[in-house]
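**Student:** what follows is a predicted protein model with its sequence.
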Amino acid sequence: MPNRITSFDEYKREYQRSVENPEAFWAAKADAFQWKQKWDKVLEWNFTEPDVKWFLNGKLNITENCLDRHLKDKGDQQAIIWEPNNPDEKFRTLTYKELHAEVCRFANVLKNNGAKKGDRICIYMPMVPELAIAVLACARIGAIHSVVFGGFSFQSLADRIHDASCSLVITADGGFRGAKDIALKSIVDEALLQCDSVKKVIVLKRTNTAVIMKPDRDLWWHDEIQKVNDDCAAEVMDSEDELFILYTSGSTGKPKGVVHSSGGYMVYTAYTFENVFQYNQGDVYWCTADIGWVTGHSYLVYGPLLCGATTLMFEGIPTFPDAGRFWNVIDKHKVNIFYTAPTAIRSLEAMGLDFVKPYKLNSLRVLGTVGEPINEEAWQWYHKNIGKEKCPIVDTWWQTETGGIMISPLAGITKTKPSFATLPLPGIQPVLVDEKGNEIVGNNVEGRLCIKFPWPAIIRTTYGNHQRCFENYFSQFKNLYFTGDGCRRDEDGYYRITGRVDDVIKVSGHLLGTAEIENAINEHPDIVESAVVGFPHDIKGWGIYAFVIPEHQRSDTDQLKKEIIETVSKYMGAIAKPDKIQIVKGLPKTRSGKIMRRILRKIAEGEMSNLGDTSTLLDPSVVEEIKTGAIK
Ligand code: WTA
């Protein structure tokens, strides 16, 4: 791709151009792709509805750009290297030719089962190549994929399937994660009791777990694939046709379906992949994120494949069979670029250097982090022990809603500073505002992070409810996209994200809504009400602190807490299990019945004095009781 920035001066020039004339800037980037019909206007936008359109009337199919376009020169190059959970199982590779054929074949399976352009298809699978194949097969036929992370449980899955009225679910009998296997198909069965939109379920055999196949609904992947060939023309998609929905947590209990469209997302993920990581042809690139999260969508599947890269996909977890697994995989596949989450770095740091020492790690050239702020200590550990002080670290800030990386160093080009995401990428115009929305200018300032001009991969809507998109992101501050993050701009104009300023918590890099966790806790028959807040956690970044009111006094509080944890795992997933549960008689509420989370947050953080104004509380004495029983 001809869009690679190679020096800091060039970055500055490109940035300048992108701000002075965004249309010309992005049109030049988009020119590098294969369009079935060229756009006739680059951009139309307002942030008041919001309504953003890029590359208007352009026609394309993103899979032709990910696959077909590379067949001539790179057909035999590895597109995907897949490393299984168990190191004794053989790894798999798929060349571009093979991946293209598999995607076309599975696209035909989808068509055979009635799927067509615009249908929503839910994908709930383990990290196996068939997951990437399923995603691309949906895009091939113009069906909108909605991938749900395999760590979510049946209620979260059901909510997501229901919200998008999916007609088809693609899953597996089970998935391996470390020493465990997770019975995905039976979770799907439970979820589907609540979702009658689903007509077909296609099941991949992975773990050989026994499953019940419902006649007329459930089909085996391996049977279906026998019935088709690998010839499947790519559906013609408009630039603004929806490519996928990805659910993210919000301040209410109901997850939001973030919608991305085809053309802008393609241009932006490819451009940012190439520039941030400084990908060289032939490099082996490894992003450890699950495809169930946006990082997996943009920087495991789409971005790398659009650039003709070799992308490594890992089924397992960093600590299985031991805490050296990441480093073992890097040496085994000679990984050049490694992209992971601060939580993983911190947890491996805590296991000690003995797990790192056996490995050379000399293939590494670039390191990256994503998903949460990285503290300086973890940054230094990563830099010294993994990068051997010679690999630049790209601390990439972005969101499900932004589609791609927004603020980040360009590897080896932007001077880094530990725990700073540094500077905006070309095309990105960040501003900091105060609570009233006044722009805070100059350096050495702190405020709420907003973006004032659209970029090609910006969220288009929240599925089925455009008003919610407006309210969540565009209503707080007029004519600005609000990120929900607090941010500092230092004396050099470098950005440092300080964390969320709303009711969502980043636990191990996973965004979880407190209301969604509360709903899961309240499923326990003995709990009448609960309130969840975050507290700083050494490894996970943030932990989950739950205050719960039981219906009646139970003497076996340990048992009750255990049951609450099991309830959350069952309804929402193990990722949302509370770390601390405090049983209380009441919650601090205003006279109008609103829980004052500010007070609970302070108590969870261990700050008992200085709780701020409590005079508006209905019953200030509950605060004393909560303080006394607070869990350290
Ligand atoms: C946080 C993940 C600090 C931030 C790609 C953001 C970060 C939220 C960073 C989005 C970073 C992401 N430094 N914080 N480099 N990257 N975040 O939607 O709070 O899962 O708003 O997308 O993660 O999380 P999401």
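**Tutor:** Received it, and whenever you're ready, just let me know what you need. Residues are numbered from 1 along each chain as shown.
**Student:** would you mind listing what in this protein touches the ligand?
**Tutor:** Taking Cβ under 6 Å from any ligand atom as the contact definition, the chain meets the ligand at 248, 293-295, 370-373, 395-400, 421, 483-485, 497, 499-500, 506, 511. Every C-beta, even on glycine, is put in place using the N, C-alpha and C of the backbone.
**Student:** name the residue of the stretch 301-450 of the chain that lies nearest to the ligand.
**Tutor:** In the stretch 301-450 of the chain, the residue that lies nearest the ligand is Thr400 (3.4 Å; Cβ to the nearest ligand atom).
**Student:** show me where the stretch 201-350 of the chain has helices.
**Tutor:** 221-224, 262-277, 294-296, 303-306, 325-333, 342-351 (DSSP state H, counting those that start in this stretch).
**Student:** likewise the stretch 451-600 of the chain?
**Tutor:** Under DSSP H, counting those that start in this stretch, the stretch 451-600 of the chain gives helices at 466-469, 514-521, 557-571, 597-604.
**Student:** OK, contacts around the residue of the stretch 1-150 of the chain found nearest the ligand?
**Tutor:** Ranked by Cβ to the nearest ligand atom, the top residue of the stretch 1-150 of the chain for proximity to the ligand is Phe149, at 10.3 Å. The neighbours of Phe149, taking Cβ atoms under 8 Å, 6 or more residues apart in numbering as the test, are Asp290, Gly292, Trp293, His510, Gly573, Ile575.
**Student:** how long is stretch 486-497 end to end?
**Tutor:** Here the two ends of stretch 486-497 are set 6 Å apart, with distance taken as Cα to Cα, to the nearest Å.
**Student:** what about that stretch, average pLDDT?
**Tutor:** In this model, stretch 486-497 has an average pLDDT of 97.
**Student:** contacts for it?
**Tutor:** With Cβ under 8 Å, 6+ apart as the test, stretch 486-497 has contacts from 373, 397, 407, 417, 419-424, 430, 432, 443-449, 485, 498-501.
**Student:** save the helices of the stretch 201-350 of the chain as JSON lines, and put in mean pLDDT and mean neighbour count too.
**Tutor:** Listed next are the helices of the stretch 201-350 of the chain as JSON lines, based on pLDDT from 0 to 100; neighbours: other Cβ atoms under 10 Å:
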{"stretch": "helix 221-224", "mean pLDDT": "98", "mean neighbour count": "15"}
{"stretch": "helix 262-277", "mean pLDDT": "98", "mean neighbour count": "28"}
{"stretch": "helix 294-296", "mean pLDDT": "98", "mean neighbour count": "24"}
{"stretch": "helix 303-306", "mean pLDDT": "98", "mean neighbour count": "28"}
{"stretch": "helix 325-333", "mean pLDDT": "98", "mean neighbour count": "20"}
{"stretch": "helix 342-351", "mean pLDDT": "97", "mean neighbour count": "21"}
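**Student:** closest to Lys59 out of those?
**Tutor:** Among the helices of the stretch 201-350 of the chain, the nearest to Lys59 by Cβ to Cβ is helix 262-277 (8.8 Å).
**Student:** tell me what Leu94 is bridged to.
**Tutor:** Ile80 (DSSP bridges).
**Student:** correct me, but it touches Leu136?
**Tutor:** No. In this structure Leu94 lies outside contact range of Leu136 using Cβ atoms under 8 Å: 11.1 Å.
**Student:** between those two, who's got more neighbours?
**Tutor:** A side-by-side neighbour count of Leu94 and Leu136, using other Cβ atoms under 10 Å, places Leu136 first with 24 against 20.
**Student:** picking up where we left off before, now the residue of the stretch 301-450 of the chain closest to the ligand. Its backbone dihedrals?
**Tutor:** Main-chain torsions, Thr400, degrees, to the nearest 10: phi -50, psi -40.
**Student:** same question for the one 10 residues further on.
**Tutor:** Backbone torsions of Leu410, given as degrees, to the nearest 10, read phi -100, psi 130.
**Student:** so what's it up against?
**Tutor:** Each residue near Leu410 by Cβ under 8 Å, 6+ apart is listed here: Ile5, Tyr11, Asn275, Val276, Gln278, Val394, Leu425.
**Student:** got a list of what the residue of the stretch 501-632 of the chain found nearest the ligand touches?
**Tutor:** Nearest residue of the stretch 501-632 of the chain to the ligand: Leu511, at 4.3 Å (Cβ to the nearest ligand atom). By Cβ under 8 Å, 6+ apart, Leu511 lies in contact with Thr248, Ser249, Thr400, Val504, Ile505.
**Student:** pLDDT at Lys417, what is it?
**Tutor:** At Lys417, pLDDT is 97.
**Student:** do you know how far the residue of the stretch 301-450 of the chain closest to the ligand is from Gly509?
**Tutor:** Distance, Thr400 to Gly509, using Cβ to Cβ, to the nearest Å: 12 Å.
**Student:** show me the helices in the stretch 1-150 of the chain, by range?
**Tutor:** Using DSSP H, counting those that start in this stretch, the helices of the stretch 1-150 of the chain run over 8-20, 22-30, 62-66, 71-74, 96-112, 129-141.
**Student:** of these, which is nearest Ser262?
**Tutor:** helix 62-66 (5.6 Å).
**Student:** what's the closest one packed up against?
**Tutor:** The elements that helix 62-66 packs onto, with contact taken as 3 or more Cβ pairs under 8 Å, 6 or more residues apart in numbering; DSSP states H and E, are helix 129-141, helix 262-277, helix 303-306.
**Student:** that older thread, residue contacts, the residue of the stretch 301-450 of the chain closest to the ligand?
**Tutor:** Counting by Cβ under 8 Å, 6+ apart, the residues that Thr400 touches are Leu246, Thr248, Val258, Trp293, Val294, Ile459, Leu511.
**Student:** highest neighbour count among those?
**Tutor:** The most crowded member of the contacts of Thr400, judged by other Cβ under 10 Å, is Leu246 (27 neighbours).
**Student:** would you mark the buried spots in stretch 397-415?
**Tutor:** For stretch 397-415, burial by neighbour count (16 or more other Cβ atoms under 10 Å) applies to 397-414.
**Student:** cool, stretch 560-572 as well?
**Tutor:** For stretch 560-572, a neighbour-count test (16+ other Cβ under 10 Å) marks Leu560, Lys561, Glu563, Ile564, Ile565, Thr567, Val568, Lys570, Tyr571, Met572 as buried.
**Student:** what does that stretch contact?
**Tutor:** For stretch 560-572, contacts defined as Cβ under 8 Å, 6+ apart pick out 152-156, 516-517, 519-521, 523-524, 526-527, 546, 548, 550, 554, 576-578, 581, 583.
**Student:** 7 Å instead?
**Tutor:** Applying Cβ atoms under 7 Å, 6 or more residues apart in numbering, the set of residues contacting stretch 560-572 from outside is 152-153, 155-156, 516-517, 520-521, 523-524, 526-527, 548, 550, 554, 576-578, 581.
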